[in-house]
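Student: starting from these lines, generate the structure:
(chains A and B)
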Amino acid sequence: MRSVPLLSYLRAINRALGDEMERDPAVFIMGEDIRHALTNTTTGLLARFGPQRVLETPLSEQGFTDFATGAALAGRRPVVEYQIPFLLLLVFEQIANQANKVPVMSGGQARVPITFLLPAAGWRPGWGGQHSDQPYSMFAHFGVKTVLPATPTDAYGLLVSAIRDDDPVTFFAPIAAHGVRVNVGPGDLVPVPLGVSRVHRPGSDVTVVAVGHLVHDALAVAADLDGEVSVEVLDPRTLYPFDWAGLAESLEKTGRLVVLDDSNRFCGLGAEIVATAVEEMRLDVPPIRVTRPDGAVVGCLPELDVALQPSREQLVTAIRAVVKGC
Amino acid sequence: MKSAWPARPCPEDLYHTIRLIRRFEERAIELVRSGDIISGIHACIGQEAVAAGIGAALRRDDIMVAHHRAHGHMLAKGTDPGRLLAEMAGRATGVARGRGGSFHPSDFSVGVFHCSGTVGHGAPMAAGAGWVLAQEGAGRVAIAIFGDGAVNQGALLESFNLASLWHVPVVFVCENNFYATTLPVETAVAGSITARAAAFGIPASAHDGMDPEVVFDATAAAVVRARDGGGPTFLEFSCYRFEGHHTFELKAGLRYRDADEVSRWRARDPLELAAGRIPADRRRQIDEQVEVDIEAAVRFARSSPKPEPGEAFDYLYASGLRPRGGMPANWTGRQRDASRSGLVGTGTVRETPAGRSG
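Tutor: A predicted model of the protein is given here:
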């Protein structure tokens, strides 16, 4: 049996960027420290594509985000990288109010095909309250297409689809998933359509919807509970538009739902998933969310921070509760 | 290679543009009063010379990103008055199919990409578009138009930096009408407006914005410089809006400007200034033609259909994605006990995958 190379999460992003820039001259990337590939996503791209397509920016996030919208209106497909999650809050206006609204306000004249790339989403031990956010629910709330891949192959395939999509897409790469490596063979690196979920592990007793890096926690818990509870692990992959049909199909089988979500609890993605399932889908018992707390500020002390993040122990408790509740 | 200086507009053309904008705005105010334009408008009456001079200096394929007071700029850029009025009246025949309205219209057929509601934030978009135009090498330029209220916005100042760093062919135009809604410029702007751009290495100058020929000369020089790879230029045009910030002032009775100041500026009405440069009989002919054209525009707007409520989701996504409605389709109440055969959720139709293959 021949060996296949291991692909890391960030290397998958790098491959997708290079492949799309090669395929389509309208694609370019802009951001901070990208010539030196500080986030490891742009390694080798400057040498291949030159400074006009690997556009190093000063620290002017609001300005260069609107700049990207202008470039998109003029026919380009920008990928804009932000190093730190809170920077997406700084440019929320530019993404949600400009890039995402200009097309509809133009009555269909305009398209704004930008990918907003956040290669380091979520908590990093010790990095403090302004470096550990997970703001994906905010973008989904505003109707900005939002993806949160859990694996290297999904990161590759969803980034390719995001770049080719004619609308703005925010792409969150959870830090806690960076360590995931997979064997890839020919044919594994293909576009993954937006809005289509993935069942990582089939099961019959309970559906666990897990997002981003939490998919791997859910899979570990499902393996631990094997023999006690049959857990289906469903990864939406795209948070907006959400694959409601995929969720309904899973719940039709299990009738029980636990959502594992790294958002803050109040108005977070988990709330939307639970609400929609309750309104529209088969549920035999009330569903449970495992999330960050309301208004969580994940700080710089791992001893405290871990307590603020959804855990495998909480997930086990939630799974047993919904199974017992039937 | 040196680009050709834009053809000097004849005084009759400048007068025609100013007259067209003036009458367009006056009729639009009447349509606000009659309820045809429900948003109200930000009329540019008094500031027409800026639009006329800029419009004469640009090519049709140049890109413009403007602000909420942009009817005049669009007309001067070549937008059809009937389709612009239809846009303001929320008609499906509008330049943006009624989705932009008076505040955020766009007309890609004449290069108007966007009118930003976030004050000053159109400037970085113009810079981004101009950066692309430079690489295409066809000598096209971008122009950003904003008011004095925009010059304290961070994103605008950031765009000066980016445009200067990257030699973007963009002309930044500040229409200084001395008030940001009610706030006088001298109580809002520390330092000077032109010094802001100059600090980023952008040639910056201030001009009389009530004289369309002055506006044309300054803009033409900046446009030629941009076409020839000289990078961005900043122009400040002092001007004055004779009406309120928005038509709500017709009822609001705000008192932030004194009558003497308004009459001093009205004495320099750009319409009369431009009229003074053409024969009286030509003025009459132009006025008559403008009336005919404006009335045709009003008839077109009023007789055009409004979009159907069922079209509310159209154009929301360029990829054609249709989002869920505010309530599940065919809702019949709590469905937990419904049949377990097949999907019970009625609002769970799988979204069309938005990503294109290939």
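Student: the stretch 251-358 of chain B: helices as residue ranges?
Tutor: B:259-266, B:270-275, B:280-303 (DSSP state H, counting those that start in this stretch).
Student: and if you look at the stretch 101-250 of chain B?
Tutor: The residue ranges that make up the helices of the stretch 101-250 of chain B, judged by DSSP H, counting those that start in this stretch, are B:122-136, B:154-165, B:193-198, B:212-227, B:249-252.
Student: what's near enough to touch the most centrally placed residue in chain B?
Tutor: The residue lying closest to the centre of chain B (C-alpha atoms, centre = their mean) is B:Ala70, at 3.1 Å. Applying C-beta atoms under 8 Å, 6 or more residues apart in numbering or on different chains, one finds that B:Ala70 lies in contact with B:44, B:105, B:112, B:115, B:145. The way it works is simple: take the backbone N, C-alpha and C, and place the C-beta from them, glycine included.
Student: number of nearby residues for the last one?
Tutor: Spelled out, that is B:Ile145. Applying other C-beta atoms under 10 Å in any protein chain shown, we find 27 residues neighbouring B:Ile145.
Student: distance of it relative to chain A?
Tutor: Noted for B:Ile145: a distance of 14 Å to chain A, by C-beta to the nearest C-beta, to the nearest Å.
Student: list the contacts of that residue.
Tutor: Taking C-beta under 8 Å, 6+ apart as the criterion, B:Ile145 is in contact with B:54, B:64-67, B:70, B:73, B:122, B:173, B:175.
Student: please redo it, this time with the cut-off set to 7 Å
Tutor: Residues in contact with B:Ile145 (C-beta atoms under 7 Å, 6 or more residues apart in numbering or on different chains) are B:64, B:66-67, B:73, B:173, B:175.
Student: what's the closest of those residues to chain A?
Tutor: Proximity to chain A was ranked across the contacts of B:Ile145 by C-beta to the nearest C-beta; first place goes to B:Met64, at 11.4 Å.
Student: quick one, grab the pLDDT at B:Ser3.
Tutor: Model confidence at B:Ser3, given as pLDDT, is 83.
Student: ugh, wrong one, I meant A:Gly187
Tutor: 89.
Student: buried subset of the contacts of B:Ala70?
Tutor: For those, burial is judged from neighbour counts taken by 16 or more other C-beta atoms under 10 Å in any protein chain shown, and it is met by B:44, B:105, B:112, B:115, B:145.
Student: what's the most distant pair in these?
Tutor: In terms of C-beta to C-beta, these reach their longest pairwise distance at B:Cys44 and B:Val112, which sit 14.5 Å apart.
Student: contacts for the lowest-mean-pLDDT helix or strand in chain B next, please.
Tutor: Averaged element by element with mean pLDDT, DSSP states H and E, chain B has its least confident helix or strand at helix B:249-252 (a mean of 87). Contact partners of helix B:249-252, identified using C-beta under 7 Å, 6+ apart, comprise B:Gly244.
Student: mind listing what's buried in it?
Tutor: Taking 16+ other C-beta under 10 Å as the basis for neighbour counts, the residues of helix B:249-252 that come out buried are B:Glu249.
Student: next one: it to chain centre, how far?
Tutor: The gap between the average C-alpha position of helix B:249-252 and the chain average comes to 23 Å, counting by C-alpha atoms, centre = their mean, to the nearest Å.
Student: good, wrapping up.
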